[in-house]
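Participant: give me coordinates for this.
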Amino acid sequence: MPDYVGAIDQGTSSSRFIIFDTDGNIVQVGQREHRQIHPRSGWVEHDPLEITMRVREVIGDALAASIVRPSDIKAIGITNQRETTVLWDRRTGRPVYNAIVWQDTRTSAIVAELGGSEGPDRIRHICGLPLSTYFSGPKAKWILDNVDGVRARAEAGDILFGTMDTYTIWNLTGGPNGGVHVTDVTNASRTMLMDLRTLDWSDEVLELMGLPRAMLPEIRSSSEVYGNVHGTVLEGVPVSGVLGDQQAALFGQACFEPGTAKNTYGTGSFLLVNTGNEPVPSQKLLTTVGYKIGDQPAVYALEGAIAVTGAGVQWLRDQLGIIRTAPDSEALAASVEDTGDVYFVPAFSGLFAPYWRDDARGVIVGLTAFSNKAHITRAVLEATAWQSREVVDAANEAAEAPFKELKVDGGMVNNELLMQFQSDVLGVPTIRPKVSETTALGAAYAAGIAVGVWAGTDDVTRNWGEDKRWEPKMDSGDVEARYARWKEAVQRTLGWIRA
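Facilitator: Residues are numbered from 1 along each chain as shown. From the prediction side, this is the model:
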């Protein structure tokens, strides 16, 4: 029987187990959703015990539906929703509180307090990130400050901290009975607690946030054997690859050279560009670790996080009733030649990169009696491309290696009208891969490389295949004129929320 590699994709709304063959093709998928818990406005939680159960179930589902035997799985990789934070008892494995999800905004007061007179960039020189509710450190501080007795237990060494990769590895490798407490550099770089240059926890940041070092996992590379599975059908299989979801997509898209980039279009969009072996500072984008293979030097990336892209189409469907299904947006938008000078800026809860303004709110501008639902729908799709253009401009401004092409993945890449417009406004080719599950695939590659299923990144590059390419067609003068109008529309969103 041939060799296979499995990937656990522990996402925000569901967990999946995907089996890949050595050509990088999908053999089988198991998927199960978990609950979204909203105790208060702005609070988003998950039940870690439910997620652990779902992970075990999807492994069984995928194996049961395929001809692959457990002994044929040579390694397991993990990719995960980043920044989501869980603290648990090292002796029992029971969480002390629900996992606080990356979207959760309860830590806004903590973030403001941490920034003090220096503001959100107080520790950016250490961790590459602005102080924000988005990241893990303030979430951990909230749990220590608000759950009775937890801080004392953490200082005594009885509590463990982790993002969902850490919690999943610990449970897979034995939990209270010898579970391995580790994370990889990509997930550690999203906590605000890691020094980007040393790739170790920063004592300065830990002291600022009041977090005991004893509860933190060991930081390891993205591709090495962390431990073996214990207590499931995959008993003894090495867990040997970990990448946060967006970095996993960068890896799965074979973006191994400086200047290569991918954009994942989901609820929001995340554009990552490889910047090589040195972190590149930026006030507009996030500086993060892209990946690290074993003992090789870390590869860094600039990331542009966009809060609303696919969610804008969902809003058209669910809130306005303009379309019945998300795919309907393409045909409706194509029924008009352009937006009729209508612009939509989806700052529903502020703007992420490159503005980082939580006082912004969404606008539709340029409406006339001529405007109709097709113009608005097209403006929603074009907003995705314009936001990506702003992030690309910020990356080109910060990094020495300019964009030559953009590899794309995620649900919106099937919208060909959008993909053509994205190529037009960037002025570079937009390329969709044959295997769309690039996040899970990246984690599988990292795991397989660690155990010799693949020799290295050259094998990943050979396996990567192009499905479709869109070349820029729009007149550059027209693009720049419309881009200027987009920027005017963005200015209309700023300062709407007043303190």
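Participant: show residues contacting stretch 112-130.
Facilitator: 111, 131-132, 135, 138, 189-196, 202, 204-205, 208-209, 279, 281, 283, 286-288, 356 (CB atoms under 8 Å, 6 or more residues apart in numbering). C-beta: built from backbone N, CA, C; applies to glycine.
Participant: contacts for stretch 200-215 next, please.
Facilitator: With CB under 8 Å, 6+ apart as the criterion, stretch 200-215 contacts 87, 114, 123, 126-127, 137-138, 140-141, 144-145, 154-155, 157, 159-161, 188, 192-195, 216, 219.
Participant: mind doing that once more with 7 Å?
Facilitator: If you take CB atoms under 7 Å, 6 or more residues apart in numbering as the criterion, stretch 200-215 is touched by 114, 123, 126-127, 137, 140-141, 154-155, 157, 159-161, 192-195, 216, 219.
Participant: I'd like to know the average pLDDT value across stretch 382-397.
Facilitator: Averaging the model's pLDDT scores along stretch 382-397 yields 92.
Participant: kindly report the same for stretch 175-184.
Facilitator: Here the average pLDDT along stretch 175-184 is 95.
Participant: again with stretch 207-217
Facilitator: 95.
Participant: now do stretch 190-202
Facilitator: 96.
Participant: cool, stretch 337-355 as well?
Facilitator: pLDDT averaged over stretch 337-355 gives 91.
Participant: what's the local residue count around the spatially closest residue to Ser13 that is not a sequence neighbour?
Facilitator: Leaving aside its sequence neighbours, Ser13 sits nearest to Glu33 (CB to CB, 6 or more residues apart in numbering; 5.9 Å). Look at Glu33: counted by other CB atoms under 10 Å, it has 11 neighbours.
Participant: need the pLDDT of Glu33.
Facilitator: In this model, Glu33 carries a pLDDT of 87.
Participant: for it, give its distance to Ile51.
Facilitator: 10 Å (CB to CB, to the nearest Å).
Participant: name only those of the contacts of stretch 112-130 that count as buried.
Facilitator: 111, 131-132, 135, 138, 189-196, 202, 205, 208-209, 279, 286-288, 356 (16 or more other CB atoms under 10 Å).
Participant: so which of those sit within strands?
Facilitator: Of the positions in these, 194-195, 286-288 sit in strands, assigned by DSSP state E.
Participant: greatest separation within those: which pair is it?
Facilitator: Asp195 and Leu286 (15.3 Å; CB to CB).
Participant: tell me which residue lies nearest the centroid of the chain.
Facilitator: Gln246 (3.9 Å; CA atoms, centre = their mean).
Participant: correct me, but that residue touches Gly268?
Facilitator: No: Gln246 lies out of contact with Gly268 (CB atoms under 7 Å); the separation is 10.5 Å.
Participant: closest to Arg94 among the ones in strands among the buried ones among the contacts of stretch 112-130?
Facilitator: Met194 (26.6 Å).
Participant: so how far is Gly477 from the nearest residue in space to Tyr291 that is not next to it in sequence?
Facilitator: Spatial nearest neighbour of Tyr291, chain neighbours left out: Ser222 (4.7 Å); criterion: CB to CB, 6+ apart. Distance, Ser222 to Gly477, using CB to CB: 43 Å.
Participant: now swap in Pro95 and tell me
Facilitator: Separation of Pro95 from Gly477 (CB to CB): 57 Å.
Participant: likewise for Asp89?
Facilitator: 63 Å.
Participant: ok, then the element right after the helix or strand containing Gly448?
Facilitator: Per DSSP states H and E, Gly448 falls inside helix 438-451. Note on helix 438-451: by DSSP H and E, the next helix or strand toward the C-terminus is helix 457-463.
Participant: in the helix or strand just after that next one, what counts as buried?
Facilitator: Using DSSP H and E, the next helix or strand after helix 457-463 towards the C-terminus is strand 466-470. If you call a residue buried by 16+ other CB under 10 Å, then strand 466-470 has these buried ones: Trp470.
Participant: contacts only, for Val345.
Facilitator: Here Val345 is in contact with 362-363, 383, 489-490, 493 (CB under 7 Å, 6+ apart).
Participant: again, but for Leu285
Facilitator: Here Leu285 is in contact with 302-304, 353-354, 391, 394-395, 398 (criterion: CB under 7 Å, 6+ apart).
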